[in-house]
Each structure stands twice: as C-alpha cells, then as structure tokens.
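*Asks:* Sequence and predicted structure, then a few things I'm wondering about:
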Amino acid sequence: MKDTNYQTQLNDENDFRSTIYKYVSHWKLFLICIITGLLLAFLYLRYFAVNNYEIQGKILINNTNNGNGIRDVDNFNNIGLIKTSQSIDDEIGILSSTGIMENVITNNSFNIEYYHEGTIRDIEIYGKNVPIKVIADETSDNLIYNQPIYIKLLDSINYELRAVYNKEELVSEHAFGELIDLPYGTFTITSKLDSTNNDNQLPLYFKIKDKDDTTSGYLRNFNVVPANKTGSLLNLTYISTHTDKGEDILTKLIETYIDKTIKYENELAENTIKMIDNRLNLLVGEIQDVEKSVVDFKTQNVVTDVSSNADEYIKQANDYKEKVANYQSQINILTQIEQTLLNTSIENSIGGGFSINDPTLTNQISKYNEILLERQRLSQSAVTSNPMLISLDANLVNLRQSILQNVLSAKNGLSIAKGNLQANANRFDAQLARVPAMEKKLLDISRDKGTKEGLYLYLLQKREEEVLSLATPVSSTRIVSFPKASKFPISPNKKILYLTGLLFGFFVPVSIIFIKDSLNNKVSKPSDITDVLSAPYLGEISETDGKQDFSTYESSTSPAVELFRLLTFNLDYLKKKDKNQTILVTSTIKGEGKTFIASNLAVTMASNGHKVALLAFDLREPQLMNDFNLPNSPGLSDFIIKKGMDVSQIIQKHPTIDDLYLIGPGMSNTFVGRLLLNDRNDLLMEVLKKQFDKIIIDTPPIGLISDAFALNRYVDSTIYVVRKDVTKKEDLSKIESIYLNRKLNNTMVLLNHTPETESYGYSNKI
C-alpha cells in the first residue's frame, strides 16, 4: 500500500513537472507576447488614449427638510421670508435634469467643439486656445451635425472655409462677422482678440453637435451625491477630457442652478403676492356680503336682539294664555247657568250670577232670584189662583227666557274672544320656537364674518413678507468649493493598462497552449500513456537531428544514444524470462519509428558486446536495410520459399559494427501472411537463437495488419513504440487490449521522439 501511494505521489509530481515544463518550454512565445502586450499598452497610451480628468465641486443646499420633501400645507410658513423647504433628493434630481444641462450648453455654446487635426488623433482645444468663435443658427433646416468644417485664417479680416458635402469639397472665403449661409449650415464666425493660440500651422476645424446628444453625453459624465447622510452638502463631479472646459461646465451648471432657484423663488413670491391681492379683493366683498346678510336676516325676522326679543315673546304669550284661561272660566259658568235654565223649573233659583263679568246678566239673575223669593213667600199664604202669584210666575218665565238668551249671547262672545287670544298666544309661541334657529343662524354668520376678517388680516401680513422677500433676493444655495480639476487623469489608468498588457502576454500563450493541448488527440507526454495503460512503461527516446550515423555510434554521447543505452538496462529489468533473447518491435501505424527503435536498439546491444541479429520482418514496406545501406535480398522471403536455402545464406554482417548481423526482407511477395505462418520460420528462429545472444525483430504496424501476432510464439518481449504527437490517444486502447489478452508476449511501451530538452529519465511501471 505504501509503495502504491508513493508511486501515485511520484506520478502526480511528474505530471505537475510535465505541465510546468510544457509551458516553460514555450518561453519564447511568452516573451514575445509579453513584449507585444506592453508595447500595445504603450502605443495606446501614447497615441490613442484620451485622458479623462475629474472635476469636483461642493454646494450647500439651505432650508432642507432632511430629504423627506413634504411641504407644510396647513399654513403659509413656506412663503415670504420663510422660504420653501427643499428635499435633497429633489435637488439632486433637478441638478441632474436635462433642463439644467441643456441651458448650460445653449447659453455657452458647448455643443460647438474646436479641434486641431493631428497625425494620429485630433486634439480638442478650448477657451483662449481657440482663435475664433462660431455662432450657429441651429434653427436652420440645412444644418448638418458633426460635420467637420475646416477653417484657415488668411489674415486678421478674412478666412477660408473648407468642408466635404455630398462627397464634394466646398471651399469659400469670408470675412469675420459675416453671416454665412452654406449648404451644410448657417452661422457667423468672429475672431477672438484674447486668443493665445500659437499653432497656426496645425489644421483647425470645428463641429456643431446635436444638443440632445451633447446633453445626454454630458449627463453621463456628471454625478451628484450627498456628502453625508444627514447634512445638506452635495458633492458634484464631472468627467472631462479637458480640465478648463470641465471646470467651466461644472461652474456654469452650478450658476445656472442658482439662477433658476432664485428665479423660481422670486416667481413664487410674485405669484403669491398676486394670489394674496386677488384673495384680499374677494375677502372684502365676502365680508360686505356677510354684514349685509346680518341686516337682511334681522329685517326679515323683525328682530334687533334675539335674546331680548325672546323674553318679550314669553311675556306676551303668558299674558294671552292667562286671558284665555279667564275667558274659559266665564264660559264654564255661563254653561252651568245655561244647563240650569234648561233643566229646571221656575221654582229653582239661578246661581253664579256674581261670578259673571257681564253686569246686565248679573242684574237679571239677581232680579230673577228676588222675584222667585217673593213668590215663594206669597205661595205660602195664597192659593195658586191668586192673581199676584200668577203675575209673579209670568214675570219669572219671561225673565228666565231673557236670561237664557243673554247667557247664550255672552257665551258666544267669550268664545270668539278666547279664540283670538289663543291665536295671539300661539303666534308668540311660534316666534319663541324660532329663537334657537335664529340664534344659530346669527352665530354662523358671525363666525363666517370673524374667519374672513382674520384671514384678511393674515394675508395682509403675508403680503408684506413677500414684498420684503422680493427686495432681498438671496439664493438658498451656497457654493462651498468651486469646481477644480484633478491634477492627474483618472483614466486611462496606466498601471492597469500595463498590467493588462503583461497579463495579455501570459494569458495568450497559456490559452494557445491550453487550447492546442485540449484539442490535441495525440500522445504528447508520458502521463498520457501511464495514466491509461497498465502495460510496463519503458521510457522515452528523444528526437535526433538528421539520419543516425551508425559508424560513430559507439563513441557518441548524444542524448538519444544515451537513452538507448539506458533502454537496454530497462529491458533486462522488466523482463519476465531469465533469457530475454528475442525482442519484437512494433507500433500501431507507419511513421511511429519502430524501425528506428529496432535499428538503434540492435546497434546499442552490439556495442555492449552482444551478438545481435536484426530481422526485417516488415515484408510489405521494408525500410530497415536501407537505413544500413545494405541490400534487401537474399532475405527472409527467399529462405521461406526456397526450401534448400541455408540460414547462413541470408545473414549479412554489418561492415563496420562488430557483432551486428542483419537479415533483410528478401524478394517482394504478395503472400506475406502465408510466409509468416510457414514452418520454415521455426527453423530460422531455432538456428538464430543458437547463434545469437539477442534477436531484434522489426515488424509491420499492428494497427494496419496482423503480421506481428504470427511471430508472437518466438518472442520473449515486445517493444510497442508510441510516437509523440503522432500516435492517437484512442490507439492506446489497442495496446491495453494486446497487453491484457497477451496477444504479444511481455508487451512494454516506449515513447519515441520526445524533445531533447525534456528530461529523459525513466519512470518504470511494473
């Protein structure tokens, strides 16, 4: 377990080193890209970058209500000497509005820009550096915005204009102050006496820009924020490519804002005075109407004072009610007398005569009662037929009839008088019932009158305050810090640009290498083999310059030769048989260097003192013998086909390398498959194993044909050659299948054609 962990850690370290080396090996590309990135940053800063400066200013907004923006609508504390309360958020919105900025641009002609034409880029000039002033008629229909109009000063009076209109160059001469009407605009150009422009040799031109576009561009560069959370101080910033112009723009914006604030406050005061005057006139009429309504009310209701009149109504009503009661008592007595007269005889007396207020009726009743009394005395001594008694009875009957008529007449008169008195009493009761309503009506009228009189006096006071506010027009905004440009530009940031150029120099090569590596489906490093295959990894062989000179092989100290010497030791280390005599060399496709590996391995072993036989079993496209400048025949196909040929007849000794013997492919044959399965191969291998210490077999690529598998029964070990950037990663699965299924004995993988500068040590996987 420890060995496995160590091996895994070692592989990870090797992968990390390989990754680092993969990038370090391209140091030239990194250097070129870094220099290019820094050079591009320098050229951009030198010739193309436009410096942007930050202009800062501060203003203080007085009479703020901490940003809540709620006006006091319950009274007039916000007019007159007590100015309108301002919300910080609202003022920020006003400062950032298109209206303020558009006024600044219009009043100062900031939409007309002047330039000196440069070789690479044009330079904007401003202020005293501009020798002319252009006044454009922006209401003209033929005005073309952003049209470069070149001007050449001929002398102190005349100048020349040049512009391209409809692909045609128009040139004309004019005098300063002259109104010019051209196809691309109408304007007047005057000369500035205070100009300090000394670059008369540089071409000068101007452009008239659309105000809406200019306003939008200026607002994008303008920002206003509160300096703190609780105060009324505002920080104003403006980004400009020209310090003087930026300072002027921000200064004019503040001045325009202050002027508009004062104008608004004055308009507010003037409108308030007008409103108050109108209201005062209305109030005078309304107060007069209220007073007239009091008079009309008292006249209509016949009252002077409601309280005193109410007392009089009560007294009159009570008097009438008392009289009504007295009359009712008289009527009741008369009714009783009437009933007595109607229901009794002449022998009964009549009572109540003294309770009646009618003297005539009272006398009649008294006379009746006296006659009745006299009759009663007479009847006691006289008989019924007594003439005096009969005369008294006749008098009583007549008098009784007279009393009844008088009672009825008096009763009717009292009833009529009682009705009149009751009507008068009811009339005074009705008047008394109306007293609360009249009191309420008079109270409402009095209250309305008092309210209007109070409002009238209040408006008079406020009118005087507004008049005083107009006499002292002071702005509620104070400039705390006048606009000032930064000493150094805020953009472009040179450090960031150079850092970007440096990162560009690193990022581009890394990206190129990474993308190339990601898209590469070829084996490019040992880990591509060791991470996938379980077959032993022999190591790697570096690339060589030109054709190998085998005559100097033994004395050579090149990295490739040293790697082949180490390869022989690795073969002995990874062998699975005591005698690792026969070694087969193959690959997946043509061009992976199997013949190169077989040839050099044979030369290396011969140099080490082994007697080596190198067999060219690639019978289809033989190359081996050409590398040694030896003939292909007689060779293997000759020996297999010609039954009487001896093995010694096909063996060729190398003329300069001791112990190295080669067997060529022989004559060309179309039945190669049959030749490899022929029994003559058994004889050949048996003889060679007796005569040679090492037998190296060069075979055709396995990925194309299966010739190598036919020789597996003679092989002790197999070297499977994988070439860097040639062998596809997908072909490694074939090698794994061959190893796991033991189609070739003791298969070991060798990476060929690695760079000489790479580490050429060996990592063995057993």
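*Replies:* Looks like it came in fine.

*Asks:* How much space separates D141 from I112?
*Replies:* Counting by CB to CB, to the nearest Å, the gap from D141 to I112 is 19 Å. Just so you know, the C-beta spots here come from the backbone N, C-alpha and C atoms, and that holds for glycine as well.

*Asks:* out of these two, which sits in the busier spot?
*Replies:* Neighbour comparison, D141 and I112: the larger count goes to I112, with 19 against 5 (by other CB atoms under 10 Å).

*Asks:* which residues does that one bridge with?
*Replies:* Here I112 sits in beta bridges with I208, as judged by DSSP bridges.

*Asks:* Name all residues that make contact with it.
*Replies:* Applying CB atoms under 8 Å, 6 or more residues apart in numbering to I112 gives the contacts V134, A136, F206, K207, I208, K209.

*Asks:* what do you get for D517?
*Replies:* With contact set as CB under 8 Å, 6+ apart, D517 has these partners: K22, S524.

*Asks:* Check which element follows the strand or helix carrying it along the chain.
*Replies:* D517 belongs to helix 494-519 when assigned by DSSP states H and E. Going down the chain from helix 494-519, the next helix or strand is helix 526-530, by DSSP H and E.

*Asks:* mind saving the C-alpha coords of that following helix as PDB?
*Replies:* Output in PDB follows, covering the C-alpha atoms of helix 526-530 (Å, rounded to 0.1, in the frame of the first residue of the first chain):
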ATOM      1  CA  PRO A 526       4.500  10.100 -20.700                       C
ATOM      2  CA  SER A 527       1.400  10.600 -18.400                       C
ATOM      3  CA  ASP A 528      -0.900  10.200 -21.500                       C
ATOM      4  CA  ILE A 529       0.500   6.600 -21.500                       C
ATOM      5  CA  THR A 530       1.000   5.800 -17.900                       C
END
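
*Asks:* Tell me the strands beside the following helix or strand past it, with direction?
*Replies:* Going down the chain from helix 526-530, the next helix or strand is strand 537-542, by DSSP H and E. In the sheet, strand 537-542 lines up against strand 747-754 (parallel) (DSSP bridges).

*Asks:* burial of the nearest residue to D448 once chain neighbours are set aside, as a residue count?
*Replies:* Excluding the flanking residues, the one nearest D448 by CB to CB, 6 or more residues apart in numbering is V290, at 5.5 Å. As a burial measure, V290 scores 19 neighbours (other CB under 10 Å).

*Asks:* check which helix or strand covers V290.
*Replies:* V290 is part of helix 243-301 when elements are defined by DSSP H and E.

*Asks:* Next: F482.
*Replies:* strand 477-485.

*Asks:* So V224 belongs to a helix, correct?
*Replies:* No - the assignment for V224, made by DSSP: H, G, I helix; E, B strand; the rest coil, is strand rather than a helix.

*Asks:* Centre-most residue in this structure?
*Replies:* Among the residues of the chain, the one closest to the centroid is R220, at 15.3 Å (CA atoms, centre = their mean).

*Asks:* And it, how close does it get to D212?
*Replies:* Applying CB to CB to R220 and D212 gives a distance of 13 Å.

*Asks:* per the record, what domains does the protein have?
*Replies:* Domains of the chain are assigned by automatic domain parsing as 2-49+501-519, 56-266, 306-442, 526-754.

*Asks:* ok, and which of those has the densest surroundings?
*Replies:* For the domains of the chain, average neighbour numbers computed from mean count of other CB atoms under 10 Å are highest in domain 526-754, which has a mean of 19.

*Asks:* and the end-to-end length of that one?
*Replies:* 10 Å (CA to CA, to the nearest Å).

*Asks:* Could you list the low-confidence segments of the stretch 51-200 of the chain?
*Replies:* Residue ranges of the stretch 51-200 of the chain with pLDDT under 70: 63-86, 197-200.

*Asks:* Now do the helices in it.
*Replies:* For the stretch 51-200 of the chain, the helices defined by DSSP state H, counting those that start in this stretch occupy 88-95, 98-108.

*Asks:* ok, now the stretch 551-700 of the chain?
*Replies:* Along the stretch 551-700 of the chain, counting by DSSP H, counting those that start in this stretch, helices occupy 559-573, 594-607, 624-627, 636-641, 672-676, 680-691.

*Asks:* okay, those helices in JSON lines with mean pLDDT and distance to L161 next?
*Replies:* As requested, the helices of the stretch 551-700 of the chain are exported to JSON lines (pLDDT from 0 to 100; distance: least, CB to CB, whole Å):
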{"stretch": "helix 559-573", "mean pLDDT": "80", "distance to L161": "76"}
{"stretch": "helix 594-607", "mean pLDDT": "92", "distance to L161": "79"}
{"stretch": "helix 624-627", "mean pLDDT": "89", "distance to L161": "83"}
{"stretch": "helix 636-641", "mean pLDDT": "91", "distance to L161": "95"}
{"stretch": "helix 672-676", "mean pLDDT": "81", "distance to L161": "91"}
{"stretch": "helix 680-691", "mean pLDDT": "92", "distance to L161": "100"}
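
*Asks:* now the ones you listed as a markdown table including distance to S648?
*Replies:* What follows is the helices of the stretch 551-700 of the chain, written out as a markdown table (distance: least, CB to CB, whole Å):
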| stretch | distance to S648 |
| --- | --- |
| helix 559-573 | 27 |
| helix 594-607 | 19 |
| helix 624-627 | 17 |
| helix 636-641 | 10 |
| helix 672-676 | 20 |
| helix 680-691 | 8 |
